[in-house]
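> Sequence isn't available, so here's the structure alone:
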């Protein structure tokens, strides 16, 4: 292999066509057109896969000392740091933000219901900021320092850090992560001491529950409602007294009901008055008709007239008929000369004579006539008297109804004028009373809420607390593998970089690519001695 130390650097661009005449016995003139500039150029002198693998292995075996040195320089510190570093443990806890606390309100109305929490990403992120706030971290550090278990905060036991530095260190090692698409927040803390990590996370969770109640609660709300209730009580009493005084002064109890009654009464009186006027007009017309009828009727009229036969004639005729019937009967039994028959004939003759004499001296038919007061006229007079009495009664009733209607209308107008002021006073009293009742309910709710806050009954549930043994936060195998991979990559990169910067022609391909001449033959390196 030739070493051309005086040649120029390898070209990066493309050379022109070079015509090289290589003379010799039995050799023809050869024209070689080479295109330099990379593997597989236009000249056709590309490297195949086997040559590339061979070159790579050649570089590795040639520069193995450099690769090993770089590998040890990079990987050995990482391996030593990983092996000498103390193991770190991770304590994890999970808290869940619920929609509302478990306590029901005093009465389920929209006006007095305690506001429920609408879960969203902003709310969960806000709670993350609350957990990581400096006030909460300071409370955690103080509570850890004041704990009665004899162990102080993890980073303050040596007394090398101030309180502020300890708070900053706790915030650095504490990881607060909201779990995506859920209302759960994970709290992680890393420490070489498993017990210390567990204590810190549990204390953070406990202090967060208390701090959440303090942040979202209303400590001064019961006192505020109590003060407002005293003021509202005076206002309610004043409004009630004003309404009562107005009602007693004006004689009004319920204007709306009284107005309804007055309107109903006015309608009834108007209807009765209209009916009375109509009846008066009809009665007057009937009275006029009755007067006309009475004037057309006579005072005395013939009551009855009948004719009858003279009773003497009737009697004699009856007796005569009876005697003649007896004669017929006697003739069947006796002869004409018998005494019974002769007596009967004499009675008949006597009766006929008397009858003829009566008929001749007195009338046969007698006429009778009866006169009396005209009943039609009497009936009309009676009806007229009744109608005139009713007419006087209806006229008196009309006057009474007119007066009553006027009184009802005046009262209705008065009620409508006074109802405006009464309604205003009643509405003011009602509003004061409703506000007072609302504040009473709110005061009770605020007291319940404050008691629940003091007992840490908030809308945060602890889903998971850390428990021993804790999982390791760091993995040695991963650190070792990363250190070895980094050393190997740096070693190979240094070897290939060193090889790339070298000017030595390593193979026939380098000679052909650099000179642009056809290779006729090569001489292997002769081993020494």
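The structure has been received and is ready for your questions. Nothing here was measured: the structure is a model prediction, and the numbers come from that model.
> what about the residue of the chain most remote from its centre, distance to residue 331?
Distance from the C-alpha centroid of the chain peaks at residue 337, with 139.0 Å (CA atoms, centre = their mean). Distance of residue 337 to residue 331, computed by CB to CB, to the nearest Å: 11 Å. In short, each C-beta sits where N, CA and C put it, glycine included.
> Can you pull the poorly scored residue ranges out of the stretch 351-500 of the chain?
362-369, 371, 449-450, 452-458, 473-476 (pLDDT under 70).
> Now do the helices in it.
Remark: helices assigned in the stretch 351-500 of the chain by DSSP state H, counting those that start in this stretch are 375-454, 476-501.
> quick one: which of the ones you listed is nearest residue 324?
Residue 324 sits nearest to helix 375-454 of all the helices of the stretch 351-500 of the chain, at 48.3 Å, using CB to CB.
> What is the closest one packed up against?
Using 3 or more CB pairs under 8 Å, 6 or more residues apart in numbering; DSSP states H and E as the contact criterion, the neighbours of helix 375-454 among helices and strands are helix 194-216, helix 221-250, helix 255-295.
> So which of the ones you listed is the most surrounded?
Among the helices and strands packed on helix 375-454, helix 194-216 has the highest mean neighbour count (mean count of other CB atoms under 10 Å), at a mean of 20.
> What helices and strands are in contact with that helix?
Packing partners of helix 194-216 (3+ CB pairs under 8 Å, 6+ apart): strand 89-97, helix 121-131, helix 134-146, strand 184-191, helix 375-454, strand 460-464.
> Next, count neighbours for residue 335.
For residue 335, the count of nearby residues is 9 (other CB atoms under 10 Å).
> Residue 121: neighbour count?
Neighbourhood size, residue 121 [other CB under 10 Å]: 11.
> repeat for the one 4 residues further on
Using other CB under 10 Å, the number of residues around residue 125 comes to 12.
> Without its sequence neighbours, what residue ends up closest to it?
Nearest residue to residue 125 in three dimensions, chain neighbours excluded: residue 178, at 6.3 Å (CB to CB, 6 or more residues apart in numbering).
> quick one on the thing from earlier: can you lay out the helices of the stretch 351-500 of the chain as a markdown table showing mean neighbour count?
What follows is those, written out as a markdown table (neighbours: other CB atoms under 10 Å):
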| stretch | mean neighbour count |
| --- | --- |
| helix 375-454 | 15 |
| helix 476-501 | 15 |
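> mind giving me JSON lines with the ones you listed and columns for distance to residue 358?
Shown next, in JSON lines, are those (distance: least, CB to CB, whole Å):
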{"stretch": "helix 375-454", "distance to residue 358": "39"}
{"stretch": "helix 476-501", "distance to residue 358": "172"}
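> From residue 212, how far off is residue 123?
Distance from residue 123 to residue 212, by CB to CB: 12 Å.
> List the residues that contact residue 62.
Residues in contact with residue 62 (CB atoms under 8 Å, 6 or more residues apart in numbering) are residue 499.
> Now stretch 346-354: buried residues?
Within stretch 346-354, the residues that qualify as buried are 347-348, 351, 354, counting by 16 or more other CB atoms under 10 Å.
> Test my guess that residue 228 contacts residue 439.
Yes - between residue 228 and residue 439 there is a contact under CB atoms under 8 Å: 5.5 Å.
> For residue 55, grab the count of nearby residues.
When counting by other CB under 10 Å, one arrives at 16 neighbours for residue 55.
> In a helix, it, correct?
Yes - looking at residue 55 with DSSP: H, G, I helix; E, B strand; the rest coil, it is inside a helix.
> circling back: what number of residues lie near the residue nearest to residue 125?
Neighbour tally, residue 178, other CB under 10 Å: 17.
> so it sits right up against residue 122, yeah?
No - with contacts counted by CB under 8 Å, residue 178 stays clear of residue 122, the gap being 10.7 Å.
> For residue 339, grab the count of nearby residues.
Count around residue 339 with other CB under 10 Å applied: 8.
> Who is the residue nearest to residue 125 paired with across the strands?
When bridges are called by DSSP bridges, residue 178 pairs up with residue 185.
> Can you read off the pLDDT for it?
pLDDT for residue 178: 88.
> Can you name the residues that contact it?
With contact set as CB under 8 Å, 6+ apart, residue 178 has these partners: 121, 124-125, 128, 184-186.
> where does residue 252 fall, phi/psi-wise?
Phi and psi for residue 252, reported as degrees, to the nearest 10, are phi -120, psi 130.
> for residue 132, same thing?
The phi/psi pair for residue 132 (degrees, to the nearest 10) is phi -90, psi 10.
> Tell me which helix or strand the nearest residue to it once chain neighbours are set aside sits in.
Take residue 132 and drop its neighbours on the chain: the residue closest to it by CB to CB, 6+ apart is residue 176, 5.2 Å away. Assigned by DSSP states H and E, residue 176 falls within strand 174-178.
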